[in-house]
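*Asks:* Here is my input, please return the structure:
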Amino acid sequence: MADEKIYVTQEGLEELKKEQENLIHVVRQEVIEDLKAARAQGDLSENADYDAARDRQAQVEARIRELEIMLNNIEIIDDKQGSVRVAKIGSTVKIEELDTHQIDEFTIVGSVEADPLNGKLSNVTPLAEAILEHKVGQTVEVLVDEPYQVKILEIR
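*Replies:* So this is what the prediction gives:
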């Protein structure tokens, strides 16, 4: 992950920064207070509260480090591309599955922001990989266990 680019929108970057700030300035302080309270109970060898606080501290510190690495490798997706000729990360794409004639619309985002239930599809999914760098009107094959074809109806 250290050298891997992390693709996010400007909005996604702000969310990651907010999470990092909250962990550093709020959650970390809460964990320190929990540790102090657990230490005050006495014998640490059989102190479940102390063990739980140490576990939480480890999780918080690991997430802070993970966010630091991610933020150092961010590449902002230009989601206001103007006239779009081909599908790129940040594009909103409307497709039709040729077998079922089902029409779907989603935005291609980096894996950090992926949320398929809310129309945000990771750029590393087979569907997004098939669509990337293709134009409106083209039909592409999605390479999965049972490959299928989709037609790109709109890119914006």
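*Asks:* measure residue 141 to residue 127 for me?
*Replies:* To residue 127, residue 141 is 11 Å away according to CB to CB, to the nearest Å. Glycine gets a C-beta too; all of them are placed from N, C-alpha and C.
*Asks:* I'd guessed residue 141 sits against residue 147; true?
*Replies:* Yes: counting by CB atoms under 8 Å, residue 141 does reach residue 147; the two are 5.4 Å apart.
*Asks:* which residue ranges form the helices in the protein?
*Replies:* Counting by DSSP state H, the chain has helices at residues 10-22, 28-39, 48-72, 126-131.
*Asks:* Out of these, which gets nearest to residue 115?
*Replies:* Ranking these by proximity to residue 115 (CB to CB) places helix 10-22 first, at 10.2 Å.
*Asks:* Now the closest one: average pLDDT?
*Replies:* The average pLDDT for helix 10-22 rounds to 93.
*Asks:* Quick one: residues in contact with it.
*Replies:* Here helix 10-22 makes contact (CB atoms under 8 Å, 6 or more residues apart in numbering) with 8, 63-64, 67-68, 70-71, 74, 76-77, 79, 109-110, 112-113.
*Asks:* Same question for stretch 117-132.
*Replies:* 7, 86-89, 93, 95, 105-111, 113-114, 140-144, 150, 152.
*Asks:* Okay, now the unreliable bits of the protein?
*Replies:* Applying pLDDT under 70 to the chain flags residues 1-3, 78-84.
*Asks:* how's it carved up into domains?
*Replies:* 6-76, 92-155 (automatic domain parsing).
*Asks:* hmm, back to that, so which of the contacts of helix 10-22 is the closest to residue 26?
*Replies:* Using CB to CB, residue 64 is the member of the contacts of helix 10-22 that lies nearest residue 26, at 11.9 Å.
*Asks:* The closest one: neighbour count?
*Replies:* 15 (other CB atoms under 10 Å).
*Asks:* residue contacts, the residue nearest to it when sequence neighbours are not counted?
*Replies:* Leaving aside its sequence neighbours, residue 64 sits nearest to residue 23 (CB to CB, 6 or more residues apart in numbering; 5.2 Å). Residue 23 makes contact with 60, 63, 64, 67 under the criterion CB under 8 Å, 6+ apart.
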